[in-house]
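Q: No letters, just coordinates:
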């Protein structure tokens, strides 16, 4: 049911949303690190977004502009550049309003337009399932992210604010969004090193996915909070005194543990809260790397370190460039305390991730090598994968990018990073593709191991090859990284190309027939070549082969072919004269229906017409006909905003009128706003029943904050006078303060 402006405004007033205060705080903050000209551009973007989203409200009832402003504020606290802030403020404008990508490019430049387009969902294609659409949206975001990582930074801010306001959604939607956040967006934040965003996304997802366990853990942590704080304070005091005696300047603070990370450790090791070692944590920030190791030595001299709990991420950084020393010691009262030691620069990177190394103030062609390293993993995945298959691309990200890492060594001592779960074959393919293809065995730490042996941190791996060696299809079930899978598949693609082409063509023809299309007709007019270019598949034969071995889903190819086919048909129809179109509709109307439609087209009854859902006209309304492409004549109210006024639109308009002799009924939506009270819904139904009005659908939503209820009822009406009479009766119900015709369709 559509939210009407009056109710939305009432909710805004009751919720205390203060637009001016929120905007002032945001602008004051960005002025601390952006220039005056940059701040002015950001303000210009805000005003456009506010204008574009005017009249739109979120599920919470607050004005929609609150959302892009909140997203921009999240990113501002990462010290992000002004271009990204502008795109964040405008990120829903193309998707949800009348503004286009080209409009934004004219007003704010190509960078902003690209970023907004990168986070805009795909709407131009029809997908068989929601999952297909979502995978295609992920694919679009990932490809855009490879060109400019700010795309996903905006998406992370967008997702974080949506998670913060998730309580206003239905329970099933809360769980779906939380699961998606935990599987896709929190790992992306981790790989980009934006840990503050990652931790909050994880904790919020945990809260909605497993609320009982979440609140139980929160309660357990709260009960022993004072005891933990005493231990942490004592640890910090002892460490501060020892570092002072050693003349080492350091910032020492307690570090909060995040609920989801605690829960993961409990679940992984099947332990309760008392058995988790690093609930208590201290962070030490110093000026230099030598100081880091000096602090480590002092900590180990003060307290006994726990074996196997030391990690040196300074000499061996994580893929997201995270660096710190981690150690766990037995501290005050015999309690384990984790100590993290890092420099200020390392701390900045761990807090802001990619934003800490932003290079766009000097243009996107800057030479920040460290920044390139932070996103190199993404470009590698795109090189390994067939990016036209969205499901395979997302699965590759989950397998390689979002999993943990294992560090192994070559016989010469070089470090090789692989996803957790990797086997010697993954190591071989990482060294070189030919080494992988010719692998016949492996040694780990000097001993022969099977090819499905799971590699562990610190293993020294030596690959045994043979000139006659070749991949086996069984390897696809053994290897642990998508890079290896991709290289094995590519080998078999080349070996079985002719068979794959034949299989792909046959599958496409069968699927087209199932969808009631002729495949040869779909491919006519060079359309298959256009699709080949769209999917960057090389030649048409390579496209068929990719469909044959599963590299490109058949549905993806047909989706684009059907879209091109329909556009071609639309173009043919647009060249027809009005008389030709009416003759065609006259024949269609005769074949499809013998009943009256209630509308005359140029005085003629029986033509194929339909009532527009956007304005839902009924007899008595002033109406206009619009010749659609492939769906007959659409009848709109004359004041309908969906009807454009371009020369092309005016050419497609046609004279229509109501057929006074018709006895047709029409569906109309009525919006009712009232103060919530017991029995009000029954009274609405009683009034309609008394008037002998047929109800086809009814929805009601209580707004807790304002104690209002929104009721939308769809009824069958003969004409505008009957509708006015019904609405007058509904207005007389006690506590009802607004009754109006729905602005959308029935």
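A: Right, received. Where do you want to start? Predicted, not measured: the structure shown is a model, and the values here were computed from it.
Q: Could you use CA atoms for every contact and neighbour count after this?
A: Will do.
Q: Within the helices and strands, which one has the residue nearest to residue 695 when sequence neighbours are not counted?
A: Nearest residue to residue 695, sequence neighbours excluded (CA to CA, 6 or more residues apart in numbering): residue 715, at 4.5 Å. Using DSSP states H and E, residue 715 maps to strand 708-717.
Q: who touches that strand?
A: The contact list for strand 708-717 (CA atoms under 8 Å, 6 or more residues apart in numbering) reads 1, 618, 665-676, 693-703, 723, 742, 746.
Q: Pull out the buried members of those.
A: Buried members of these, counted by 16 or more other CA atoms under 10 Å: 1, 618, 665-676, 693, 695, 703, 723, 742, 746.
Q: what about the residue lying closest to residue 74 once chain neighbours are set aside, how many residues close to it?
A: The shortest distance from residue 74 to any non-neighbouring residue, by CA to CA, 6+ apart, is to residue 157 (6.0 Å). Neighbourhood size, residue 157 [other CA atoms under 10 Å]: 21.
Q: Show me what counts as buried in the host helix or strand of residue 157.
A: Assigned by DSSP H and E, residue 157 falls within helix 150-164. By 16+ other CA under 10 Å, the buried positions in helix 150-164 come out as 150-163.
Q: any idea of the mean pLDDT in the strand holding residue 715?
A: Strand 708-717 shows a mean pLDDT of 89 in the predicted model.
Q: How about stretch 639-656?
A: Averaging pLDDT residue by residue across stretch 639-656 gives 74.
Q: can you give me the end-to-end distance of that stretch?
A: 14 Å (CA to CA, to the nearest Å).
Q: Stretch 158-175 now?
A: 17 Å.
Q: Equivalent analysis for stretch 63-83, please.
A: Distance across stretch 63-83, first residue to last, is 24 Å (CA to CA).
Q: Where do the helices of the stretch 301-450 of the chain begin and end?
A: Ranges of helices within the stretch 301-450 of the chain are 344-352, 369-384, 390-396, 424-431, 433-437, based on DSSP state H, counting those that start in this stretch.
Q: helices or strands up against the fourth one?
A: Based on contacts counted as 3 or more CA pairs under 8 Å, 6 or more residues apart in numbering; DSSP states H and E, the elements that helix 424-431 packs against are strand 415-419, helix 433-437, strand 439-444, strand 461-465, helix 482-495.
Q: And the contacts of that helix?
A: Counting by CA under 8 Å, 6+ apart, 416, 418, 435-437, 439, 442, 451-455, 461, 463, 479-481, 483-484, 487 sit against helix 424-431.
Q: Are any of those buried, and if so which?
A: Judged by 16+ other CA under 10 Å, buried ones among the contacts of helix 424-431: 416, 418, 435-437, 439, 442, 451-453, 455, 461, 463, 479-481, 483-484, 487.
Q: Which helix or strand in the protein has the lowest average pLDDT?
A: Ranking every helix and strand in the chain by mean pLDDT, DSSP states H and E puts helix 5-15 at the bottom, with a mean of 37.
Q: after that helix comes which helix or strand?
A: Next element after helix 5-15 (DSSP H and E): helix 19-30.
Q: With adjacent residues omitted, what lies nearest to residue 112?
A: Once flanking residues are discounted, residue 112 sits nearest to residue 87: 5.3 Å by CA to CA, 6+ apart.
Q: actually residue 513, sorry about that
A: residue 519 (7.2 Å).
Q: for that neighbour, phi and psi?
A: phi -60, psi -40 (degrees, to the nearest 10).
Q: Next, the contact list for residue 326, please.
A: Taking CA under 8 Å, 6+ apart, one finds 309, 310, 311, 312, 313, 338, 339, 340, 341 in contact with residue 326.
Q: Any chance of TSV for those, columns neighbour count, distance to residue 56 and pLDDT?
A: Formatted as TSV, those follow (neighbours: other CA atoms under 10 Å; distance: CA to CA, whole Å; pLDDT from 0 to 100):
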residue	neighbour count	distance to residue 56	pLDDT
309	13	52	78
310	15	53	86
311	14	50	86
312	14	51	88
313	15	47	87
338	24	48	88
339	26	48	91
340	22	46	92
341	28	48	94
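Q: is it possible to export these to CSV including distance to residue 719?
A: As requested, these are exported to CSV (distance: CA to CA, whole Å):
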residue, distance to residue 719
309, 78
310, 79
311, 77
312, 78
313, 75
338, 75
339, 76
340, 74
341, 76
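Q: average pLDDT for the helix or strand containing residue 102?
A: Using DSSP H and E, residue 102 sits in helix 101-108. The pLDDT scores in helix 101-108 average 86.
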